[in-house]
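# no FASTA, just this:
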């Protein structure tokens, strides 16, 4: 059971935010400092796609952004929701740390790497949906609603099927909101325990043991300089059945730490091409960061 102090913190955080004028479902109103700078050759990176790339340096507030109004458009977070989901899981004790293993139920799923036991770390690296659905069953809607409101995470709506709300367009978030959430995470300002923050940041680092597990989707991973800590999570949405315009969604969100400085970023693309999803957003991000001289 979560300690009473943590429980009190969780219940108080949404109330404090509401008192400050933050209402569930409203777009974030915190202005970005200064005028965002457009990253080099950004338009060519998004050729044929509707997209946004937004990045801020922690401490200075210096913002680099491409996409204009697209950066405020909300869509499903898809598997980028595994980041707040993991934070909630550790903070509530549903998962102890990155080594906590859930046993595979024996059901064959479309991605072969999902068909085995997984720890929190490997489930993050392979984006193993069933692992995080198992977490969701134990967290439950009331606790999700409190945490998501406290996180100011998009429309903060976990209603309906508790194992699907981040996959079926119930929960939605914009790239700028994702970036602001990540800034709070990396500045240790989210209403979760320091332990939860440490564990989740570790699972997002794309180095060490993670490399072999992500190389098939992120082939640029071997080009990341050893002096850089590059962290990230893809997200992909490919609707079944009838599809509307721009219904394919690809995300890549994360952080880059270099020479004592930290940047957080969110990249999202939308199109009618089911091959242009999470891995493509990750490639665009890598190309932008390389063009900026950061990799």
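Cool, the structure landed. Owing to the predicted nature of the structure, the values given are computational and were not obtained by experimental measurement. Residues are numbered from 1 along each chain as shown.

# what about the helices in the chain?
Using DSSP state H, the helices of the chain run over 4-19, 42-45, 82-92, 120-126, 129-139, 141-151, 175-186, 194-204, 210-214, 278-291.

# Save the ones you listed as a markdown table, and put in mean neighbour count, mean pLDDT and distance to residue 252 too.
The C-beta positions use only the backbone N, C-alpha and C, and glycine is treated the same way. Output for these, formatted as a markdown table (neighbours: other C-beta atoms under 10 Å; pLDDT from 0 to 100; distance: least, C-beta to C-beta, whole Å):
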| stretch | mean neighbour count | mean pLDDT | distance to residue 252 |
| --- | --- | --- | --- |
| helix 4-19 | 14 | 37 | 27 |
| helix 42-45 | 15 | 96 | 12 |
| helix 82-92 | 25 | 98 | 12 |
| helix 120-126 | 23 | 98 | 14 |
| helix 129-139 | 19 | 98 | 18 |
| helix 141-151 | 20 | 98 | 20 |
| helix 175-186 | 23 | 98 | 10 |
| helix 194-204 | 19 | 98 | 12 |
| helix 210-214 | 16 | 97 | 11 |
| helix 278-291 | 22 | 98 | 4 |
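
# which stretch among those helices comes nearest residue 75?
Residue 75 lies closest, by C-beta to C-beta, to one member of the helices of the chain: helix 175-186, at 9.1 Å.

# That closest one to helix 141-151, inter-axis angle?
Inter-element angle recorded for helix 175-186 and helix 141-151: 90 degrees (by axes from the mean of the first three to the mean of the last three C-alpha atoms, to 10 degrees).

# where does the stretch 151-295 of the chain have low pLDDT?
242 (pLDDT under 70).

# For residue 169, give me its contacts.
By C-beta atoms under 8 Å, 6 or more residues apart in numbering, the residues touching residue 169 are 75, 76.

# thought residue 170 was touching residue 160?
Yes - using C-beta atoms under 8 Å, residue 170 is in contact with residue 160, at 5.3 Å.

# List the contacts of the closest residue to residue 223 other than its chain neighbours.
Spatially, and ignoring its direct neighbours in sequence, residue 223 is nearest to residue 295 (7.3 Å; C-beta to C-beta, 6 or more residues apart in numbering). By C-beta under 8 Å, 6+ apart, residue 295 lies in contact with 223, 224, 225, 228, 230, 256, 286, 289.

# Looking at those, which are in strands?
Among the contacts of residue 295, the ones falling in strands (DSSP state E) are 230, 256.

# which of the contacts of residue 295 lies closest to residue 37?
Nearest to residue 37 among those is residue 289, at 14.0 Å by C-beta to C-beta.

# Excluding residues flanking it in the chain, which one is nearest that closest one?
Nearest to residue 289 is residue 295, by C-beta to C-beta, 6+ apart, at 4.9 Å.

# One more: residue 249?
Counting by C-beta to C-beta, 6+ apart, the nearest residue to residue 249 once its immediate chain neighbours are dropped is residue 237, at 4.0 Å.

# Spit out the contact partners of the one you found.
So residue 237 contacts 75, 76, 78, 167, 247, 248, 249, 250, 277 (C-beta under 8 Å, 6+ apart).

# Let's see that with 7 Å instead.
Residue 237 is in contact with 76, 78, 248, 249, counting by C-beta atoms under 7 Å, 6 or more residues apart in numbering.

# any idea how far residue 71 is from the second one?
The span separating residue 78 from residue 71 equals 17 Å under the rule C-beta to C-beta, to the nearest Å.

# Compare the two (neighbour count), which wins?
Neighbour count, other C-beta atoms under 10 Å: between residue 78 and residue 71, residue 78 has more, with 25 against 21.

# Would you check that the more buried one makes contact with residue 253?
No - taking contacts as C-beta atoms under 7 Å, residue 78 lies outside contact range of residue 253: 10.5 Å.
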